[in-house]
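Colleague: Give me a model of this one.
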Amino acid sequence: MALSESGIFSGDINCTDPGKEEESKDQAKTPTARVLTLEEQERLNGERALVSDFKQMKLEKEAQKNWDLFYKRNTTNFFKDRHWTTREFEELKACREFESQKLVLLEAGCGVGNCIFPLLEDDLNIFVYACDFSPRAVEFVRQNPLYCPDRCCAFQCDLTKDDLMENVPESSVDVITLIFVLSAVHPDKMKLVLENISRVLKPGGFVLFRDYGLYDHAMLRFKSGNKLGENFYVRQDGTRSYFFSKEFLAELFEKTGFKCVANDYVLRETVNKKEGLCVPRVFLQSKFMKPES
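Modeller: Down below sits the predicted model:
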């Protein structure tokens, strides 16, 4: 159920296809948050009114429907395949004792498979569990020509309430990816997601995280009437997005029993050729380990 990591908001809150009109410059990692301009500070400080409690409850109730409609509109054409995961997360390669050892991966929030299928193509010794909030997205994964039940098990799952162990054996997964997924979950329920994934992760296993960071350009583009809470917004299509600070994320994982291994902002500029804009993008890229004892 993730939105595009490199998509830019066009107009108010709609993402364009990053593959068609954007170029990304070199990225840099930093332990500190992006510094806002005075204009950006004034814009954020002026946005105080929140969406009504009634509408917020409606959005929570209809969250799955809104994501399913998103995939109905966009099918498999919205996101670019993520070929960068093994470059950014060496654990996908290095956590095995020998080359032919099977790596068991859980892609929590797999969308239509833009992360898992490049991995399955590149590495014959990976088995992937893949789940998503949207039944339609899961069906797209299963219909992909690269989908093979011997190497991949895709299933629908609401990570905030559905027990992963109904599909994934307890403590059986080496690595879990949470890539542009947790931001779509209500902040009050994020801990439930982490508790759920922790049960299927092996002691010593890793959670690899990448998502929207605090003061990302997408956050600054929201207009009045879209704010749900601190750093939490709703898009025009009813899908929601949270923008993470490294402190919030670290506390969230540590309260769930994980140990922080890496936790940095990724800063880069994205060029939107169509609109003639060069805008700052901010992501949070982190690694957490489940302690062995």
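Colleague: and Asn231, how far is that from Pro118?
Modeller: Distance, Asn231 to Pro118, using CB to CB, to the nearest Å: 30 Å. (Each C-beta comes from the backbone N, C-alpha and C, glycine too.)
Colleague: Show me what the host helix or strand of Met190 is in contact with.
Modeller: Using DSSP states H and E, Met190 falls within helix 190-200. Identification of contacts with helix 190-200 by CB atoms under 8 Å, 6 or more residues apart in numbering yields 106, 108, 129, 159-165, 168-173, 176, 178, 182, 185, 207, 252-253, 255-258, 290.
Colleague: And the pLDDT at Ala184?
Modeller: You'll see Ala184 listed with a pLDDT of 95.
Colleague: about what we covered before: with neighbour numbers in mind, choose between Asn231 and Pro118.
Modeller: Set Asn231 next to Pro118 and count neighbours by other CB atoms under 10 Å: Asn231 wins out with 20 against 17.
Colleague: Kindly provide the distance from the residue most central in space within the chain to Phe133.
Modeller: Closest residue to the average C-alpha location of the chain: Phe180 at 1.3 Å, with CA atoms, centre = their mean. In this view, Phe180 and Phe133 are 13 Å apart by CB to CB.
Colleague: which residues are common contacts for those two?
Modeller: With CB under 8 Å, 6+ apart as the test, Phe180 and Phe133 both reach Gly109.
Colleague: Could you pick out the buried ones from the contacts of helix 190-200?
Modeller: 106, 108, 129, 159-160, 164, 168, 173, 176, 178, 182, 185, 207, 252-253, 256, 258, 290 (16 or more other CB atoms under 10 Å).
Colleague: List the ones among the residues you listed that fall in strands.
Modeller: Secondary-structure check on those using DSSP state E: residues within strands are 106, 108, 129, 173, 176, 178, 207.
Colleague: I figured the second one hits Val175, correct?
Modeller: No. Because the distance of 10.8 Å does not satisfy CB atoms under 8 Å, Ala108 is recorded as not touching Val175.
Colleague: Dihedrals phi and psi, the spatially closest residue to Phe232 that is not a sequence neighbour?
Modeller: Leaving aside its sequence neighbours, Phe232 sits nearest to Tyr242 (CB to CB, 6 or more residues apart in numbering; 4.8 Å). Dihedral pair for Tyr242: phi -110, psi 150, per degrees, to the nearest 10.
Colleague: contacting residues for Tyr242?
Modeller: Counting by CB under 8 Å, 6+ apart, Tyr242 touches 182-185, 187, 212, 231-233.
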